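K.L.:
My questions are about this predicted structure, shown below with the sequence.
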Amino acid sequence: MKRKDFLKTGLTAGAGLTLPIFTSQKPIPVIRKARNIIFFSYDGFTWEDFSSAQHFSHRNFGKSLHLEKLFHRGAAGSMQSHSLTSMVTDSAAATTTWATGRKIVNGSLSIYPDGEELTTILELAKAEGKATGIVSNTTITHATPAGWIAKHLNRRDEENIAEQYAAFKADVMIGGGVEAFDPNLRSDRKDLFKPFKDSGYSVVTDLEDFRTVQPDKLLAALSEDHVPYEIDRRFRAVPAPTHREMAEKGLAILDGAENGFVLHIESGRIDHANHRTDAGASLWEVIAADETLGMLMEYVDKTPETVLIMASDHGTGGASVYGVGERYRSSSEIHDLLNKRTASFPWIMRELGRNPSEAFIKEILTETTGVHVSESNVRILQQAIAGDNRMPDEAAFPRQPIATLGYVLKGGTNDLPTHLNINYGTTQHTAGAVPAAIYGNGVDAKPFGLIDNTDFFYWMTEAMDIDYQNPEMSPEKAASFYE
Ligand SMILES: [Zn+2]
């Protein structure tokens, strides 16, 4: 056979077939049984993001991240995240896999394309008499928390997801997203707060009420859409709960539950910031998550039979922190410029408005990023704002003009940056393996190497002595529904 023919045959033979990527069900490194499981997900978080936050924390706060301690003291490794029909997952498929042990098609929540529903770890825990909860700084009906309760072919149908929450009734639901519950904001005018109030829940939408309420069961929707970015809360006095106080409230309610609990906490906005190539917002989300993590590790240390799992669901943005200068000696100093970022990109764009002058753009960008942009870059930004009527909002993925803001703030060249030595490769999700760890009493503190995101479901069920397998679907069959 000629080489050309061989290549042709080889390619044809391989096209469309599933690669033999392992989907292990590795023995659990958590050896003892667990009454309580806390699953802390970092959405869109890569090892590179970890490194960025680690160095920032050491150089600016003079201390280690709790995440470093977790990786040292717990069992840690990397997790591969491909979904059933794509090497790159979205959050819906990824969270489903944690919650059910099965890979599904991107965009769906705990359901196969033929409508067959999967049973989630929260349903299994509830059936065992355990208390359950979800906490997130996204809308509480957003994909990552939703996949642990709701079944839906379209993750974006958050109004329906709220109805499924009303049917399931987890003991704790804390996040943003009033709009999916409030009759004045829902398209069908249904009052989705009512079924919770009728069942004895405290329903809270006000931050002060949230801080004082001490309920047995809680639905807290603390902002219309997602909870504001940490960088804006911290430096721009935007009213918002901290991530830690949301998690702490959820934990306080579930603590002492008679048969234990399963609590899923998400830091969901690392992903949003990375989608927008917003390195400053992303960094402060990681720092805020780290404060939550420290609190959770302390809780685990003093609470027997409690296991903490930390995992990213996938990478977002592919940001890389690159070497600068002779022997790369300037890398850390240039990375310190993150210190000058004091507002998120959406905050900056709202401040600039629809027709900002050159002077105003320069003033705002200098104040919020420390960057003195060139006149030509100011013009590029003005043109992007003028040419696009869709002003960026919290719900939109990064398009013009917000991606243009990322571009003009980059400045210089990659080898010799005048601004920050962080370069985003994409505004989409990425395929690479991501950080994961397990911590708690009885956890064998060895690295677990490379695991698959299916593994967590089996670790959790084994820890809780639950014997359950969800139905499987082949990638070929799943793909056939979308041909
Ligand atoms: Zn995600």
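P.N.:
Perfect, thanks for sending it. Numbers count the residues shown, from 1 in each chain.
K.L.:
C-alpha from now on. contacts and neighbour counts both.
P.N.:
Noted.
K.L.:
how many neighbours does the residue in the chain positioned nearest to the ion have?
P.N.:
In the chain, the residue found nearest to the ion is Ser91; the distance is 3.5 Å by C-alpha to the ion. Neighbours of Ser91 under the rule other C-alpha atoms under 10 Å: 28.
K.L.:
Just the pLDDT at it, thanks.
P.N.:
Reported pLDDT at Ser91 in the predicted model: 97.
K.L.:
Low-confidence regions, this protein specifically.
P.N.:
Within the chain, the segments meeting pLDDT under 70 span 1-32, 388-400, 411-417.
K.L.:
need the residues of it near the ion, please.
P.N.:
Asp43, Ser91 (C-alpha under 5 Å from the ion).
K.L.:
Strands of the chain, start to end?
P.N.:
Along the chain, counting by DSSP state E, strands occupy 36-42, 75-80, 131-139, 172-176, 202-204, 218-221, 261-267, 306-312, 315-316, 320-321, 422-423, 429-430, 434-440, 449-452.
K.L.:
and among those, the most buried is which?
P.N.:
strand 315-316 (a mean of 30; mean count of other C-alpha atoms under 10 Å).
K.L.:
List of residues touching that strand?
P.N.:
Strand 315-316 is contacted from outside by 43-46, 271, 274-275, 426-434, using C-alpha atoms under 8 Å, 6 or more residues apart in numbering.
K.L.:
one more time with 7 Å, if that's ok
P.N.:
Gly44, Phe45, Thr46, Asp271, Asn274, His275, Gln428, His429, Thr430, Ala431, Gly432, Val434 (C-alpha atoms under 7 Å, 6 or more residues apart in numbering).
K.L.:
and what of stretch 354-364?
P.N.:
By C-alpha under 7 Å, 6+ apart, stretch 354-364 touches Leu352, His372, Val373, Val378, Ile385, Ala386.
K.L.:
can you pull the contacts of the last one?
P.N.:
Listed by C-alpha under 7 Å, 6+ apart, the contact partners of Ala386 are Arg354, Asn355.
K.L.:
and it, how far is that from Ile380?
P.N.:
From Ala386 over to Ile380 the distance is 10 Å, taken as C-alpha to C-alpha, to the nearest Å.
K.L.:
bridging residues for the closest residue to Gly440 other than its chain neighbours?
P.N.:
In this structure, Gly440 finds its nearest non-sequential neighbour in Val307, 4.6 Å apart by C-alpha to C-alpha, 6 or more residues apart in numbering. Beta-bridge partners for Val307, by DSSP bridges, are Ile37, Gly440.
K.L.:
looking at it, Val307 is touching Ile38, isn't it?
P.N.:
Yes: counting by C-alpha atoms under 7 Å, Ile38 is a contact partner of Val307 at 6.2 Å.
K.L.:
returning to that earlier point: any quick PyMOL command for the buried ones out of the contacts of strand 315-316?
P.N.:
Buried members of the contacts of strand 315-316, defined by 16 or more other C-alpha atoms under 10 Å, are picked up in PyMOL with:
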select buried, resi 44+45+46+271+274+275+428+429+430+431+432+434
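K.L.:
could the contacts of strand 315-316 go into JSON lines alongside distance to Asp182?
P.N.:
Listed next are the contacts of strand 315-316 as JSON lines, based on distance: C-alpha to C-alpha, whole Å:
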{"residue": "Gly44", "distance to Asp182": "29"}
{"residue": "Phe45", "distance to Asp182": "31"}
{"residue": "Thr46", "distance to Asp182": "35"}
{"residue": "Asp271", "distance to Asp182": "26"}
{"residue": "Asn274", "distance to Asp182": "29"}
{"residue": "His275", "distance to Asp182": "28"}
{"residue": "Gln428", "distance to Asp182": "31"}
{"residue": "His429", "distance to Asp182": "31"}
{"residue": "Thr430", "distance to Asp182": "35"}
{"residue": "Ala431", "distance to Asp182": "37"}
{"residue": "Gly432", "distance to Asp182": "39"}
{"residue": "Val434", "distance to Asp182": "36"}
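K.L.:
so of the contacts of strand 315-316, which ones are in helices?
P.N.:
Among these, the residues falling in helices (DSSP state H) are Asp271, Asn274, His275.
K.L.:
Okay, the second one and Thr120: tell me how far apart.
P.N.:
For Asn274, the distance to Thr120 equals 28 Å [C-alpha to C-alpha].
K.L.:
One more: the last one?
P.N.:
Computed with C-alpha to C-alpha, the distance linking His275 and Thr120 is 28 Å.
K.L.:
Enumerate every residue touching the closest residue to Ala76 other than its chain neighbours.
P.N.:
The spatially closest residue to Ala76, leaving aside those adjacent along the chain, is Ala437, at 4.1 Å (C-alpha to C-alpha, 6+ apart). By C-alpha under 7 Å, 6+ apart, Ala437 lies in contact with Phe71, Gly74, Ala75, Ala76, Gly77, Ile309, Met310, Ala311.
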